Structure formats: structure tokens, C-alpha cells
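Undergrad: below is the sequence, then the predicted model.
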Amino acid sequence: MFYNEHMFEIKCNLTTKEKLEILADAAKYDVACTSSGVDRKGRKGFLGNSEACGVCHSFGADGRCISLLKVLFTNHCVYDCKYCVNRCSNDVPRASFEPDELCQLVIEFYKRNYIEGLFLSSGVLKNPSYTMEKICETLLLLRTKYRFNGYIHVKAIPGAPDELLSKAGYLADRVSVNLELPTSDSLSKLAPNKNFKNILEPMEKITGTIAANRLSVGKDARMERSSINKYLTGSIFNSANNSRYGSLSGKNRTALESGTGLSLPAVSGNTGMNRAFAPAGQSTQMIIGATPETDLTLIRTTQHLYQNYDLKRVFYSAYIPLNEDSALPELDAEIPLLREHRLYQADWLLRYYGFQADELLSENRPNFNEYLDPKCDWAVRHLGQFPVEIQTASYDMLLRIPGVGPKSAKRIVQTRKYARLDFDTLKKMGVVLKRAHYFITCNGKMMYKIPINENYITACLMGDNQKENWEIKHQNQQYQQLSLF
Ligand code: SF4
């Protein structure tokens, strides 16, 4: 597909409201935004602040956050990704903001308390450099002219020069580059203008720059994870399980500190602000269900991204059939919402529960059980490791019990030093006994006399999960954003 000048003629006669209608609607399929992870107090003379516990603390029924202004800079695009409503071969209304126009919109919405921050993505206008330049111009204006100190999550356009990536990172709180699909083959089939190299290179540079920036202010090179991970011996983030960072000593550390190889160049244009580089880290997004990859492939890719690129989050976006194409599922194909939900559950198990991708699934069983959450599913397939005695089990093992989360596991470990636990106490500690009781003993006794049998326990757990599964599968499939009008 060649670039045609006429395709990108900006419609100057659109009002800002009309542009917003087009560009906020066009952004709704991007799911890669959630709580900021940045704690920044208000500053004298600046507008807005950002709180670690969630700029995006409001979520729509479908789980998408709604308190950021989620918008595209433009939905003009020279690329032709088959799965995308904004691809150049689609005949859809197009619009583009001017940087200052978008800034004014953000500030007005912020002052009216409609939004708490900005999530800015974009189609590729003319080329990646030009688009990224426009994005950076917008962010710079917001931070300087409008003195906006709130949360900004920006999408980096693969193929843009390093200087612009660097600039975006110093102006935004979070930067993300979408992986789009879990394998290079699928990407070349569905997104002919993109390739893994162009996506992974900026991702790697952003990782290196975040690490170098953190080291320069005396922090650990890797992003903070929840404190729960430090109790886990088997976390995928532990140095021993982390191929890139290792123990961050010697050569590795020197390379990061000096910025050689990995880091982006320092920004030449002074932003006038002393800002850390992407303090809320980077994230990415993968579309699921548009290509035939299994869940195993998806979570292996996820684990690889967490370990090697220190991503803060990997987001999954259930494919919504919008375009007719022989390479895509039929237009009436079901949106794989339950599958998306299972992947998010598995993602939590990787990040906070000490599971590895290859423990959850295997080549013989490459997809999650639709009817059971991945942790229950793993437990019933490993009944040999159960029941677990609550008084003596290790923290890692406690976390593997369905119904026990990091908080309750920590409470168990602390409390049992001083007292013997019973089922009532476990309930008060937050253990979900409805699920946990099949897998535990307390002082040598199970809560009920039940057979430790895979079929029996699976049937009971599936009964409990039925309502939730049905609700996820049948939630409103019309994705809706908060109306700004
Ligand atoms: S680059 Fe691809 S996914 Fe992004 S807006 Fe253009 S066509 Fe859509």
C-alpha cells in the first residue's frame, strides 16, 4: 500500500467536538491502559497530580478504564493492519487534532473533573517520525505551556527515531509499544507494515532507559513489583529467573549505567522540567483470537516480555471482528471475552503467585479450561501436591492453593508463628474457603470429608464458577467508553 497524499488531507472544517467524537471512538479498542503506578504530588504552578493507586481507578463493565481521556491524535493511517478499523483501506471518517487543540481539550476536561489524565495513541500519519513528532509536540505543550502535571500514557510509534522516543519517555508517565500479536508470523500476516524487530527494538531501548534512569537516582534497575514478590522464591522476576538483568552486577550494571547499547539518547531539547523517564514503566498489548496461537504461546510470550523487558503490564485484547478479510475470523465470530479473562487470570499467576507459563499449560494441553480459572485448573491437575497443611506449608505453596491470595498467605505465615489456625480464622484472614477447602487441612483435618478426586472436585468447582463464566461470556459486547458529551 503506497501513501497517497489525498488520503491524509486533514479535514479542517471539523470542530474539535466532531474530531473528539471520531478520535475517542477510534481509540476504544486499545485496552492497554490502567492504573498509573506513579505517585506524584501536585506542584505549585502546575495543574494536576497523579496517584500510584490508580489514576484509572474507574473501570467500565468490560474492565476498560474510563477515567483517562483515551484518544487518538489521528485516525489517519498509512498502514493497513487487517484487524484495525483505522486501516488505510477502510472508508471511515477521519480526523486529526492539532497539538494545541488537543492540549486545550485535556485541560478543559481536567478542570471539569471529567478526566484525570491522558492516554494518547495514534494512527501513523505520513510516517512514524512525523506522527511521533506531533505526539511529542502535544506532550511538551501540555507539560510546559499548560503546566499539566497529571498522568500521561503515550503509545510509541515503532519506527520513530530514538530522539523522539526518548522525548516521549521524559514527558509521559508510561510508554507502551504494542506487540499486537504473539508471533512474528502472525504479525507479518495481519500487519504487513509492521515487524517484530521494529517493535522489540524500541521496547528494549525503553527498558534500558528506564533501568539506567532508575539506577542514576539510586533505585533498583528493575521496576518495583508488589512487595509480595519478595517473599516468593519462584517469582519470574527473581534474579535467578531473569535472563536479562541477572543480579545486575559487574558488566551488566556498568552497561546500563553508562547507557551503552540499551539506552535512548538524552533529549537535546530541554523540557524545562526535571522528569524521570517513564516512571510508571512500559506496557504492551496483544490481540487474542484473531490468529490461531494457543494460550500457551500467549503466556510464554507474556512471560518472556516480563522477564526480558521488565514490562509493567501485558494487556490482552479480545479480537472484535470489524473487518471482512479471509485472514481474519468471520464477522459474526464470538468475541473471546472468557478467553481474555482467563489470560488475565494467568497473567496474575505469573506476576504475583510464582507460577511459570509452562507449569500452567503444556504442549498437550495448550489452552486454558473455559470452565475453571487457571489456578483451580492447575490444582485439580496436581492433586498429588494436596491437601496442603496450613500450619506448615511454605509461602510459595500457600499461594498455589485456590482461594488463597498473597495477602491471606502473608497473614497465615505471620499468624501461625504465634497461634494455631482454624477454618474460622482462615475465613477472617480472607481465605475463600469455598474454593480452598478442597485443597487444605488445618491441624491435619479437612473442613469436610470429601474424596480427593479430580473429577469430583472439578465438578464442584465448575458449579461454583458457572455464574461468573456466563456473565463474562455474555457481557455487553458493544464496547462503550465514558461519554464525554
Ligand atoms: S498502525 Fe495498524 S493498528 Fe495502528 S492505526 Fe494504523 S492500521 Fe490501525
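TA: Sure thing, it's come through.
Undergrad: please enumerate the helices of the stretch 101-250 of the chain.
TA: 128-143, 162-171, 184-190, 196-216, 250-258 (DSSP state H, counting those that start in this stretch).
Undergrad: reformat those as CSV; add mean neighbour count, mean pLDDT and distance to the ligand.
TA: Heads up, the C-betas are built off the backbone N, CA and C, glycines and all. CSV is the format used below for the helices of the stretch 101-250 of the chain (neighbours: other Cβ atoms under 10 Å; pLDDT from 0 to 100; distance: least, Cβ to the nearest ligand atom, whole Å):
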stretch, mean neighbour count, mean pLDDT, distance to the ligand
helix 128-143, 22, 97, 9
helix 162-171, 23, 94, 16
helix 184-190, 16, 95, 9
helix 196-216, 21, 92, 11
helix 250-258, 14, 51, 31
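Undergrad: so for stretch 450-459, mean pLDDT?
TA: On average, the pLDDT along stretch 450-459 is 91.
Undergrad: mind listing what's buried in it?
TA: Across stretch 450-459, burial judged by 16 or more other Cβ atoms under 10 Å covers 457-458.
Undergrad: that one spans what distance, first to last residue?
TA: From its first residue to its last, stretch 450-459 covers 13 Å (Cα to Cα, to the nearest Å).
Undergrad: one step back: of the helices of the stretch 101-250 of the chain, which is nearest His341?
TA: Across the helices of the stretch 101-250 of the chain, His341 has its closest neighbour in helix 184-190 (21.5 Å, Cβ to Cβ).
Undergrad: adding distance to Thr297, write the helices of the stretch 101-250 of the chain out as CSV.
TA: Shown next, in CSV, are those (distance: least, Cβ to Cβ, whole Å):
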stretch, distance to Thr297
helix 128-143, 27
helix 162-171, 28
helix 184-190, 9
helix 196-216, 14
helix 250-258, 29
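Undergrad: right, and the ones you listed - which one's nearest Val314?
TA: Judging the helices of the stretch 101-250 of the chain by Cβ to Cβ, what sits closest to Val314 is helix 196-216, at 11.4 Å.
Undergrad: by contact count, what packs against that closest one?
TA: Where contact means 3 or more Cβ pairs under 8 Å, 6 or more residues apart in numbering; DSSP states H and E, helix 196-216 is packed against helix 162-171, helix 184-190, helix 250-258, strand 282-288, helix 295-309.
Undergrad: that helix to strand 282-288, inter-axis angle?
TA: 150 degrees (axes from the mean of the first three to the mean of the last three Cα atoms, to 10 degrees).
Undergrad: show me how far helix 196-216 is from its chain's centre.
TA: 17 Å (Cα atoms, centre = their mean, to the nearest Å).
Undergrad: just the angle between it and helix 128-143, please?
TA: 30 degrees.
Undergrad: now do the same contact list for the residue in the stretch 151-300 of the chain that the ligand sits nearest to.
TA: Of all residues in the stretch 151-300 of the chain, Ala191 sits closest to the ligand, at 6.0 Å by Cβ to the nearest ligand atom. By Cβ atoms under 8 Å, 6 or more residues apart in numbering, the residues touching Ala191 are 79, 81-83, 180-181.
Undergrad: return the member of those nearest to Leu139.
TA: Nearest to Leu139, judged by Cβ to Cβ, of those is Tyr79 at 22.2 Å.
Undergrad: what's that closest one sitting at in phi/psi?
TA: In terms of degrees, to the nearest 10, the main-chain angles of Tyr79 are phi -90, psi 160.
Undergrad: tell me how far it lies from Leu343.
TA: 26 Å (Cβ to Cβ, to the nearest Å).
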